[in-house]
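Undergrad: Model the following, please.
(one chain, ligands or ions: 1)
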Amino acid sequence: MTEESYKRHLLPALSAQLEAGQTAGGATLEAFALLDDALRARATDVHLDPDREGYRIRLRIDGRMVDALRADTTQGGRLVNQFKVLAKLNPVPSLVTAEGGFRWSRDEGEEQIHLRVTAVHCITGEKLAIRFLAPPRTFDDIVELGIGEQGALGIRRWMDATGSMLLVAGPTGAGKTTTLYTLLGQLQLTDSHVVTLENPVEFSIPGINQIQVDLEHGLDFASGTRSLLRLDPDYVLIGEVRDRESAHAALSVTSSGRSLMGTLHSRDAVGVITSMRQLGLTDGEISANLGLVIAQRLVRRLCQHCREQAAPERSDCEWLEAIGQVPPALTWRAKGCPQCDGLGFRGRIGVFEIWQLAPEDHARILRHADESELRRSLLERGVDLMLADGLAKAEAGITSLREVFRMGAILSA
Ligand SMILES: [Zn+2]
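TA: Numbering: from 1, shown residues only. Below you'll find the model as predicted:
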């Protein structure tokens, strides 16, 4: 790693403080300078990684790790110690992974941010990961998530109807929670009664009744669902459908005529059927209860101030053609300017695949159709799969072609 590849300008306060050397007692901690800088740079995580020469300081911005600064062993060690003291961790390095946390606010009177600190012993020394724990971002309208008009229409139709499941599918970090919370926000505006059952409740949402699964006191998904149904909700949100228990809890909600929202790990929309079968639901149960699937990924948004038009690379076009896709005529690439801290990207947007189940889909599921048959029927109906949505966003200059390729969605039917 060369010195030039470090984006020092992301950490101006810390750089200045390290260059000035350790000031006498009473000065602001270098750890606070680093947090100040990280917050300004919109980082979600800060990593202090030891190596032979010292420490690499890295930030995670818009989901991607960025090398920000090098510190020597003394400086890096001092930062690690400051964070460990703040997080009430034992300052003596240990072979066991340790986790702690603390609250911090940039200015007095500002709302405090909760930070989680994890210390892991690596062969080159002690590595620290510091995470800003913030509630998921929500939007005023589902269209702002990056969902097209057609998909948004399907979601609104689902909201108006009752008694079926809406599942948001994708891997970890695909923005599923932001989508669900944005939907919750929309429901809040209607005169409906919404209850959530979460394990655990990570963030409280004003105006929504939230119940936390508490296994020690006998409140599991099954008993939690029974008690929340007595509250007579219109919509129920259960965080993640991840095992047989939560899958059956979800089923009991829709069987009783209420609408259910949840997330599920799956590569794409039709993959949800396989996941539900693996969780022990029968084809009949899936067919009768599943109403809508939103599959998604996140890509970085090109900085609108410095993006440059560029013809797509020939190898990319050939590859797209080989999998039966029409390459975009024109694409855009990241450059970097002061508005985006030289990164070329700023913020993220969702790439979506929205499957509103039609009667023919229900019939196919009952016939135990596999994923490729279900996907083919979606394509025949003209539904945009994730790759097509990503390519359209690349052509429109919202993101780069490289970002679309990186999201790792299913590439052909
Ligand atoms: Zn820019």
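Undergrad: From here on, just use CA atoms for contacts and neighbour counts.
TA: OK.
Undergrad: OK, contacts around residue 199?
TA: 212-214, 239 (C-alpha atoms under 8 Å, 6 or more residues apart in numbering).
Undergrad: which of those lies closest to the ion?
TA: residue 239 (35.9 Å; C-alpha to the ion).
Undergrad: Help me confirm that the closest one is found in a strand?
TA: Yes - assessed with DSSP: H, G, I helix; E, B strand; the rest coil, residue 239 lies in a strand.
Undergrad: how close does it get to residue 177?
TA: 8 Å (C-alpha to C-alpha, to the nearest Å).
Undergrad: Between those two, which contacts overlap?
TA: Residues touching both residue 239 and residue 177 (C-alpha under 8 Å, 6+ apart) are residue 263.
Undergrad: Flag every residue of the stretch 251-400 of the chain that's near the ion.
TA: Within the stretch 251-400 of the chain, the positions lying close to the ion (C-alpha under 5 Å from the ion) are 303, 305-306, 336-337, 339-340, 344.
Undergrad: Out of the residues you listed, grab the one that's most surrounded.
TA: Ranked by the number of neighbours (other C-alpha atoms under 10 Å), those place residue 303 first, at 25 neighbours.
Undergrad: Tell me who's in contact with the nearest residue to that one once chain neighbours are set aside.
TA: Among residues not flanking residue 303 along the chain, residue 345 sits closest, at 4.6 Å (C-alpha to C-alpha, 6 or more residues apart in numbering). Residue 345 makes contact with 300-303, 334, 336, according to C-alpha under 8 Å, 6+ apart.
Undergrad: May I ask which helix or strand encompasses residue 286?
TA: helix 283-289 (DSSP states H and E).
Undergrad: Apart from its chain neighbours, what residue comes closest to residue 268?
TA: Leaving aside its sequence neighbours, residue 268 sits nearest to residue 295 (C-alpha to C-alpha, 6+ apart; 5.4 Å).
Undergrad: In three-state terms, how would the one you found be classified?
TA: strand.
Undergrad: Count the neighbours of it for me.
TA: 31.
Undergrad: One more: residue 186?
TA: Residue 186 has 16 nearby residues by other C-alpha under 10 Å.
Undergrad: likewise residue 104?
TA: Neighbours of residue 104 using other C-alpha under 10 Å come to 17.
Undergrad: Make sure it is actually in contact with residue 116.
TA: No - if you go by C-alpha atoms under 8 Å, residue 104 and residue 116 don't touch, sitting 10.9 Å apart.
Undergrad: can you give me the helices in the stretch 51-200 of the chain?
TA: For the stretch 51-200 of the chain, the helices defined by DSSP state H, counting those that start in this stretch occupy 73-86, 149-160, 176-188.
Undergrad: Now restrict the contacts of residue 199 to buried residues only.
TA: 212-213, 239 (16 or more other C-alpha atoms under 10 Å).
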